[in-house]
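[1] fold the following for me, if possible:
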Amino acid sequence: MNKLQGKTALITGGNSGIGFASAELFLKEGAKVIITGRREEAVKEAVKKLGDGASGIVSDAGSMSDVKALPKKIAEVTSTLDIVFANAGIGLFAPFHQITEDIFDSTMDVNFKGVFFLVQELLPMIADGGSVILNSTILVHSGAETTAVYSASKGALLSLNKTLAVELAPRHIRVNSISPGPISTPIYSKMGMPEEQLKAFVESIQTKIPLKRFGDTNDVAQAALFLASSDSKFLTGSEITVDGGISQTF
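    Residues are numbered from 1 along each chain as shown. Got it, this is the predicted structure:
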């Protein structure tokens with residue numbers, strides 16, 4: 001039997017990367033899936049690729065007006081959500097002394113504030129016994145250069161994870177986090193590095209990974225499936241690292 005048969009999942013940022021891979025896997029396992037994304041064209045293209053059982057909503061994870069409007073839009077598709085994967089996020093990297101207020105606000109608005117109020121707004125729609133999954137990062141634990149705001153925003157998610165796990169326990173809603181390590185996603189191409197510099201950066205990271213490769217998006221999607229399904233029915237407030245062992249070398 002499929003692990004998510006009869007379930008309905010919302011995946012933010014589901015039009016690419018980890019979100020899209022998770023949507024594909026959830027559909028394969030029997031769920032109906034709603035994805036969100038900022039760009040209408042990208043959302044439509046992703047839904048077309050995903051096929052039957054998938055639907056899309058244009059919603060900016062960093063816009064409070066979009067976040068507040070989301071429950072009404074979701075209600076046009078379903079009255080209940082069994083799974084919420086708060087996956088959407090951005091990475092704006094710069095040395096500490098070069099971080100501007102715009103970088104700070106943009107990062108926090110999407111990676112933390114947007115997630116915080118997303119869960120709050122959707123809480124009435126989440127079924128008792130449901131699963132909430134937050135997408136963090138192993139950088140929270142490393143103190144890597146140029147990641148001050150990004151890591152802080154994702155660290156706030158880990159803290160929220162612990163609190164929500166306790167507060168939502170009376171409804172048997174489980175709240176867990178995934179902390180990916182080096183995963184081949186579009187985020188690296190958005191770091192603003194020249195191609196040669198980016199290639200050298202990626203190669204330098206790969207040599208430090210015990211498994212000697214970057215993860216792919218399906219590696220994270222498999223962890224999300226585990227947390228979304230009854231296989232993890234006694235896990236809440238937990239963090240799963242998907243990093244090829246690199247966090248062991250910090």
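
[2] so where do the strands sit in this structure?
    Taking DSSP state E, the strands of the chain run over residues 8-11, 32-37, 54-58, 81-86, 126-135, 174-180, 239-242.

[3] residue contacts, the spatially closest residue to Ala224 that is not a sequence neighbour?
    Distance criterion Cβ to Cβ, 6 or more residues apart in numbering; nearest residue to Ala224, sequence neighbours excluded, is Ser22 at 4.7 Å. C-betas here are computed from N, CA, C, even on glycine. Contacts for Ser22 (Cβ atoms under 8 Å, 6 or more residues apart in numbering) come out as 11, 14, 85, 87, 217, 220-221, 224-225.

[4] ok, now Asp52?
    By Cβ under 8 Å, 6+ apart, the contact list for Asp52 reads Leu27.

[5] 10 Å instead?
    Going by Cβ atoms under 10 Å, 6 or more residues apart in numbering, Asp52 touches 27, 32.

[6] gap between it and Gln222?
    Asp52 sits 22 Å away from Gln222, going by Cβ to Cβ, to the nearest Å.

[7] what do you get for Met108?
    Met108 sits 29 Å away from Gln222 when distances are taken as Cβ to Cβ.

[8] and those two? Which one has more around it.
    Set side by side, Met108 and Gln222 show more neighbours around Met108, with 18 against 13, by other Cβ atoms under 10 Å.

[9] follow-up on the earlier one: tell me which of the strands of the chain lies nearest to Asp102.
    strand 32-37 (22.0 Å; Cβ to Cβ).

[10] partners of that closest one, with directions?
    Neighbouring strands of strand 32-37 in its sheet, by DSSP bridges, are strand 8-11 (parallel), strand 54-58 (parallel).

[11] nearest to Ala148, of those?
    Among the strands paired with strand 32-37, strand 8-11 sits nearest to Ala148 (Cβ to Cβ), with 27.8 Å.

[12] appreciated, that's everything.
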